[in-house]
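A.B. asks: what would the 3D arrangement of this be:
(chains A and B)
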There are 2 protein chains.
Amino acid sequence: MSTSSRRVLVAGCGLIGTSIALALRQRGHRVWLSDMNDAHLRQAEQQGAGDAHRGEHADIVVVAVPPSSTAEVIAAHLNQDEDATVTDTASIKAHVQRDIEQLAAAEQPPPDTARYVGGHPLAGRERGGPQRARADLFAGRAWALTPTPATRPAALKDARWLVHECGATPVIIDAVDHDQALALTSHVPQLVASALAAQLADQPDDILELVGQGLRDMTRIAAADSALWADIASGNAQPLADATDALAGTLQRTASALRDGTGAAAVAHLVDAGRAGLRRLPGKHGGEARSFIAVSVVVRDQPGEFARLLTDTAAAAVNVEDLRVEHAPGLPMGLIEVFVGPEAAATLRAALASRGWTLIDDEPVSEE
Amino acid sequence: MSTSSRRVLVAGCGLIGTSIALALRQRGHRVWLSDMNDAHLRQAEQQGAGDAHRGEHADIVVVAVPPSSTAEVIAAHLNQDEDATVTDTASIKAHVQRDIEQLAAAEQPPPDTARYVGGHPLAGRERGGPQRARADLFAGRAWALTPTPATRPAALKDARWLVHECGATPVIIDAVDHDQALALTSHVPQLVASALAAQLADQPDDILELVGQGLRDMTRIAAADSALWADIASGNAQPLADATDALAGTLQRTASALRDGTGAAAVAHLVDAGRAGLRRLPGKHGGEARSFIAVSVVVRDQPGEFARLLTDTAAAAVNVEDLRVEHAPGLPMGLIEVFVGPEAAATLRAALASRGWTLIDDEPVSEE
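C.D. replies: Down below sits the predicted model:
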């Protein structure tokens, strides 16, 4: 345990709260747990996430409760735990900040909002419950922190410590900017995926047979939960409306160009702009995207074929960077793309070819 | 060789034409090749796709040339090859049909358009050249055929034979319906992917760190070629404009609802509609989607770790249905989801756990 250890109370033992607690326990820190749901609390305790809180003083309180009660629970802890830093995990930040400041203006004594730092770990999965928690849920993830000019530096330092101890990377950002960013990077994509998928609902069967991998990739997240997204969207209504309108506007201008005979230029411009945007996405290691080679292998859907490919790939002893399965709808076969560094492609190709696999020549692709 | 064998001339030795020729040769059929580009023709010959055409009579002519010259080449072959069936591979059908009929009205002698059947194999990859051709490019794929009421039944029979010999599944559809369907299933998704990616171009770096897997999946096809898509979009301008406006309209109505306080209901409705549409997508085997279990494994990005997982998965001897890599940007680890049938999940989990892998509990997911 390092000298900078903090004692942490995690309020809310869902997936996120329990995962934070597990991460901190793994690093040897003292963790207390609380939850209005006794079953969740016991489950988290049994998983080794910490001990039930009985009023002990914590240095940091992490509020990981549903969005609708986040501000209230934060305010309560700011009052109860006199010099503790309080942070939270709600995925929308501006209205939490606003609600806390309103509570501070109305309550006697006013909670000390300078000890609150908004937080949002981008954990990447929405399915919940403490039984799905794991200590490495945040490893390598971004974790937004949204201090205000009034935030005490010691509180931000505590919040940064928490993020680092969970293995995540802090992204310091204004709460309003955060919500605008999430509208762009998460909420609009969800609406678009759902809208694209919704268009398929009343199409005849033969049209659905014409759906390729592109649309499948783009509608994967359309399997999302509607109640969850109703909450998220209404909690970020204005930024989401603006970002949605901006995207719709781009699409409508392209449609107009297609109607007035300037469609080719408009589409070329849009696709070029998309390539430019795509290049800005961080690569797997957080740095510049690097080139991988896709070694593409034809796999028949017979029992053991996929397993045999995995064995043969493993035997080649190259560092596999990614693996992608492209299904062939309707027939028992598929194409598997094994991504490796340029230096390893020839080795892998030779190894697989020598074991009888059908390979397809591919060009280098850029990791997105 | 079956008694129903046809002699085929493939006009155009790019990826698609050469792949068709290879598929037919593999089934033992006589294939001639032609291409204005001598290097392509020789390359295709060297790959065993057939012999250079020297005026021999073909039963079927497959026109696989760039879209801009497709109609002209079809008309020329309808005149040259007196009783041959002529088909093509252009990805947009209505304007090819229209152009051919215009040529038929203008030319003396008029080409016999009743021997033409429009075709569009949905081959799934856009990168071209004969060296990337393969005999199984169309295996399990849909292949649209767009006969008109005037099409001779024997010509449609020839076209169906061609599709079957290439291992594909014919989807008989009106040319106009085809183009509307492709607008929905392929062209609008491309514009949307590009528009989503384009929005990232001028964002500050910290916002790009907040991009998750959902948006990455949705912008994968934004890496497309702008010249190719300018051609496709302008060749299908009206249906694409209509479908794009329809999607933009859905998004704008959602944005309006978010502004007038009814956003939660509107978003819930949209997400539910998306789930309904998603359920209609054919599963891997062309039938109803079936449930798989995702066995999720934490993999550290050390040399050999991915390979070790592949070995251990292969050793479990279960039928792997799919495999998905979820990267953790910024840190050297990722989550690998191995999809198996419900009956195999326990076996795989036990096998991997016994070899020391960290597994995450997952719920059944529906294959899209």
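
A.B. asks: what ranges do the strands span in chain A?
C.D. replies: A:8-11, A:31-34, A:51-52, A:60-63, A:85-88, A:116-121, A:142-146, A:169-172, A:291-300, A:320-327, A:333-340, A:358-360, A:364-366 (DSSP state E).

A.B. asks: elements contacting the longest one?
C.D. replies: Counting contacts by 3 or more Cβ pairs under 8 Å, 6 or more residues apart in numbering or on different chains; DSSP states H and E, strand A:291-300 packs against helix A:305-315, strand A:320-327, strand A:333-340, helix A:342-354, strand A:358-360, strand A:364-366. Quick note: C-beta positions are derived from backbone N, CA and C, even for glycine.

A.B. asks: reformat the ones you listed as JSON lines; add mean neighbour count, mean pLDDT and distance to B:Gln108.
C.D. replies: Listed next are the helices and strands packed on strand A:291-300 as JSON lines, based on neighbours: other Cβ atoms under 10 Å in any protein chain shown; pLDDT from 0 to 100; distance: least, Cβ to Cβ, whole Å:
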{"stretch": "helix A:305-315", "mean neighbour count": "20", "mean pLDDT": "80", "distance to B:Gln108": "57"}
{"stretch": "strand A:320-327", "mean neighbour count": "20", "mean pLDDT": "70", "distance to B:Gln108": "48"}
{"stretch": "strand A:333-340", "mean neighbour count": "22", "mean pLDDT": "74", "distance to B:Gln108": "48"}
{"stretch": "helix A:342-354", "mean neighbour count": "16", "mean pLDDT": "88", "distance to B:Gln108": "55"}
{"stretch": "strand A:358-360", "mean neighbour count": "16", "mean pLDDT": "78", "distance to B:Gln108": "46"}
{"stretch": "strand A:364-366", "mean neighbour count": "13", "mean pLDDT": "36", "distance to B:Gln108": "50"}
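
A.B. asks: out of the ones you listed, flag the one nearest B:Gly48.
C.D. replies: strand A:358-360 (14.5 Å; Cβ to Cβ).

A.B. asks: helices or strands next to that closest one in the packing?
C.D. replies: Strand A:358-360 sits against strand A:291-300, helix A:342-354, with contacts defined as 3+ Cβ pairs under 8 Å, 6+ apart.

A.B. asks: can I get these in CSV with distance to A:Asp177?
C.D. replies: CSV is the format used below for these (distance: least, Cβ to Cβ, whole Å):
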stretch, distance to A:Asp177
strand A:291-300, 32
helix A:342-354, 38
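
A.B. asks: so where's chain A uncertain?
C.D. replies: Within chain A, the ranges that satisfy pLDDT under 70 run A:1-3, A:124-128, A:283-291, A:301-304, A:325-334, A:361-368.

A.B. asks: which residue ranges of it form helices?
C.D. replies: Per DSSP state H, chain A carries helices over the ranges A:15-26, A:38-46, A:67-80, A:94-106, A:153-165, A:175-182, A:188-198, A:205-208, A:213-219, A:226-235, A:237-259, A:263-279, A:305-315, A:342-354.

A.B. asks: columns distance to A:Ala139 on top of the ones you listed, output as a markdown table?
C.D. replies: Putting the helices of chain A into a markdown table (distance: least, Cβ to Cβ, whole Å) gives the following:
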| stretch | distance to A:Ala139 |
| --- | --- |
| helix A:15-26 | 8 |
| helix A:38-46 | 19 |
| helix A:67-80 | 24 |
| helix A:94-106 | 25 |
| helix A:153-165 | 11 |
| helix A:175-182 | 21 |
| helix A:188-198 | 23 |
| helix A:205-208 | 39 |
| helix A:213-219 | 25 |
| helix A:226-235 | 24 |
| helix A:237-259 | 29 |
| helix A:263-279 | 25 |
| helix A:305-315 | 24 |
| helix A:342-354 | 25 |
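
A.B. asks: could I get those as JSON lines with distance to chain B?
C.D. replies: Formatted as JSON lines, those follow (distance: least, Cβ to the nearest Cβ, whole Å):
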{"stretch": "helix A:15-26", "distance to chain B": "10"}
{"stretch": "helix A:38-46", "distance to chain B": "12"}
{"stretch": "helix A:67-80", "distance to chain B": "12"}
{"stretch": "helix A:94-106", "distance to chain B": "13"}
{"stretch": "helix A:153-165", "distance to chain B": "12"}
{"stretch": "helix A:175-182", "distance to chain B": "4"}
{"stretch": "helix A:188-198", "distance to chain B": "3"}
{"stretch": "helix A:205-208", "distance to chain B": "4"}
{"stretch": "helix A:213-219", "distance to chain B": "4"}
{"stretch": "helix A:226-235", "distance to chain B": "4"}
{"stretch": "helix A:237-259", "distance to chain B": "4"}
{"stretch": "helix A:263-279", "distance to chain B": "3"}
{"stretch": "helix A:305-315", "distance to chain B": "4"}
{"stretch": "helix A:342-354", "distance to chain B": "10"}
